[in-house]
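> Got a predicted structure plus its sequence, pasted below:
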Amino acid sequence: MSSVDVSVYPVQCDIQARQADLGRDGTVGTTALAQWLLEARRRMCLPRFEKLVLTGGFGPFHIVLAGQRAERLAPVRLTDPDISVHTGIRRFGRSSFTYEQAVFAGREQVGRGGATIILIGADGPLALPDQMIADLTDLSLPDSTEPAPARPSARRRAREHYSFFAPLRARIADVDINQHVNALALASWYDEAVAAFTATALGVVGLVPDLAPTMHRVDYLGEVTYPGDYEIGVAVSAYDGDTVHYELGVFRGDTCLGVADAAGPRGALRPDSSPAR
């Protein structure tokens, strides 16, 4: 049973798990968990801000996802009862705000995550209007001593940082209403790169061992568009007990369009089995 108090989260979203959410091991995958978190965020209401926009008092603008994270803490199955996502606002600043979320199956916490959102106008980030700040204040979580995550260092944007690259081509099915590759599709690209790394490191031909990441933290630096040929850089930052920690970056040529941290089961991977640079 989790020690997290769900009552501190102001919004609850009930989730119906689907067959398509399951990974190879028969439990809900990390990308599916990220979809649940996204669905819960989309259901949240900001009534003052929404009224402001409807009456023409703010805009034009578009919403940009600056980063997101999703982590499985325990297996989730189709038979698990009462799956729910609990959401609140962890922090907000001049032009951005950050969600914090917890996923429960019954009374057990099985996942967590969040996302940072920026409002963008024609000339760049927009100051959050007073109406939105009032809405965000109503949805804010209790004060926390946990610091904001540090932004990835500049070295993560350099190809030289990565020892392995997996080529990927954008598919039309990856493109969303914003006309670029959507965040969930991009998360699956990182999974694909980890699988390619695993196959090369272990010398596997065919179906690779199921060592998919159980945690993603993604920071978006530019638009990944269609059509396009890309490479995902992979570097192992640490082997920690039964876990491998990865640093990843998506590149088009020498341009880095996003970076991610991921962690997953180690399996038979060892430091001396990693592909050479």
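Noted; the coordinates are in hand. Numbering: from 1, shown residues only.
> alpha carbons only for contacts and neighbour counts from here, please
Fine.
> What is the lengthiest helix in the chain packed up against?
As assigned by DSSP state H, the longest helix anywhere in the chain is helix 183-202. When contacts are defined as 3 or more Cα pairs under 8 Å, 6 or more residues apart in numbering; DSSP states H and E, helix 183-202 sits against helix 30-43, strand 164-169, strand 229-240.
> One more pass at 7 Å, please.
Contacts defined by 3 or more Cα pairs under 7 Å, 6 or more residues apart in numbering; DSSP states H and E place helix 183-202 against helix 30-43, strand 164-169.
> which residues touch the last one?
With contact meaning Cα atoms under 7 Å, 6 or more residues apart in numbering, strand 164-169 is reached by 193, 196-197, 228-235, 275, 277.
> Could I get the buried residue list for that strand?
164, 165, 166, 167, 168 (16 or more other Cα atoms under 10 Å).
> For the closest residue to residue 176 other than its chain neighbours, give its distance to residue 64.
Excluding its sequence neighbours, the residue lying closest to residue 176 (Cα to Cα, 6 or more residues apart in numbering) is residue 182, at 5.6 Å. To residue 64, residue 182 is 11 Å away according to Cα to Cα, to the nearest Å.
> Next: residue 198.
For residue 198, the distance to residue 64 - Cα to Cα - is 32 Å.
> So for these two, which sits in the more crowded spot?
Taking neighbours as other Cα atoms under 10 Å, residue 198 and residue 64 compare with residue 198 leading, 24 against 15.
> Now do the same contact list for residue 212.
Applying Cα under 7 Å, 6+ apart, the residues near residue 212 are 191, 195, 264.
> Let me see the contact set for the last one.
Put plainly, it is residue 264. 211, 212, 213, 214, 215, 243, 244, 245.
> want to throw these into a markdown table with secondary structure and distance to residue 13?
Putting those into a markdown table (DSSP: H, G, I helix; E, B strand; the rest coil; distance: Cα to Cα, whole Å) gives the following:
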| residue | secondary structure | distance to residue 13 |
| --- | --- | --- |
| 211 | coil | 29 |
| 212 | coil | 26 |
| 213 | coil | 25 |
| 214 | coil | 22 |
| 215 | strand | 21 |
| 243 | strand | 31 |
| 244 | strand | 32 |
| 245 | strand | 31 |
